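S.K.: pasted the sequence and its predicted model underneath.
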Amino acid sequence: FLLSAGPAAAIITQVASLAGLTQGPYTVEDFEDDVFVAGATFDSTSGTVRGTSGTFSGFVTSSGTFGLTTEIFPDPISITFASPTSSVGLFFGNDDTCCASVFDANLDIFDAGGLIGTVSVTANMNDFADQFIGFVSDELVTSVVIRYGSGSDVGLFTFIDDVRFNVAESVSVPEPATLALLGAGLFGVGWAQRRRKAIASQH
């Protein structure tokens, strides 16, 4: 018989600040020029555009003057990594008092098989790009998506700045190897016993 275990759930730990990003070194994209750093692709349904902090986030960003936004709100922004990552952090903004109630910024996290988790931060509603959202993971991550609210319920342009990501150094093992070793051991014991019986019957 074959012993098997289902895949283990990814362990995703949300971090509250840059200090929590401990799986470096990290690559940083600050959007201050027209050339994106190698290793990440930024996209949205309506397309992305570099925007100034004065237009989209009340003149306050985590650094510099520019960030990245979308052509149409409330499009989310997706970030796809050329090599798997295990840790991502970024600043977001444009948390205007547009809405009937306070909303969350959500960072959906994907591996090669699909969505593996979401981390969220409640918007502080101050119209500045001064809030951080990030995580570290024990699973390889291929892309993330930042979105406000749950679809079209937040009428704001998503605005991000200072995106940080690492390149994961190893792959976690989703299935315990001990079960496979146990199965092989049981097979070996059974085979050895049959072999001894066969030799004894010949004498």
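M.R.: Right, received. Where do you want to start?
S.K.: residue 85 contacts residue 143, correct?
M.R.: No - assessed by Cβ atoms under 8 Å, residue 85 is found out of contact with residue 143, at 9.1 Å. Placement of C-beta: from N, CA and C, glycine included.
S.K.: who has more neighbours out of these two?
M.R.: Using other Cβ atoms under 10 Å, the more surrounded residue of residue 85 and residue 143 is residue 85, with 26 against 20.
S.K.: in which helix or strand would I find the more buried one?
M.R.: In the assignment (DSSP states H and E), residue 85 maps to strand 77-93.
S.K.: give the buried residues for that strand.
M.R.: Neighbour-count burial for strand 77-93, counted by 16 or more other Cβ atoms under 10 Å, picks out 77-79, 81, 84-93.
S.K.: report the two of those residues separated the most.
M.R.: Within those, 84 and 93 form the most distant pair, 27.7 Å apart (Cβ to Cβ).
S.K.: how near is residue 155 to residue 60?
M.R.: Noted for residue 155: a distance of 21 Å to residue 60, by Cβ to Cβ, to the nearest Å.
S.K.: go on, residue 134?
M.R.: The gap separating residue 134 from residue 60 is 19 Å, by Cβ to Cβ.
S.K.: compare these two (neighbour count), which wins?
M.R.: residue 134 (24 against 13).
S.K.: quick check: the gap between the more buried one and residue 85.
M.R.: Separation of residue 134 from residue 85 (Cβ to Cβ): 11 Å.
S.K.: any idea what residue 134 is bridged to?
M.R.: Residues in a beta bridge with residue 134, per DSSP bridges, are residue 15, residue 89.
S.K.: so who does it touch?
M.R.: With contacts defined as Cβ atoms under 8 Å, 6 or more residues apart in numbering, the neighbours of residue 134 are 14-15, 18, 20-21, 87-90, 107, 119, 164.
S.K.: recalculate using a threshold of 7 Å.
M.R.: By Cβ atoms under 7 Å, 6 or more residues apart in numbering, the contact list for residue 134 reads 15, 20-21, 88-90.
S.K.: fine by me, thanks again.
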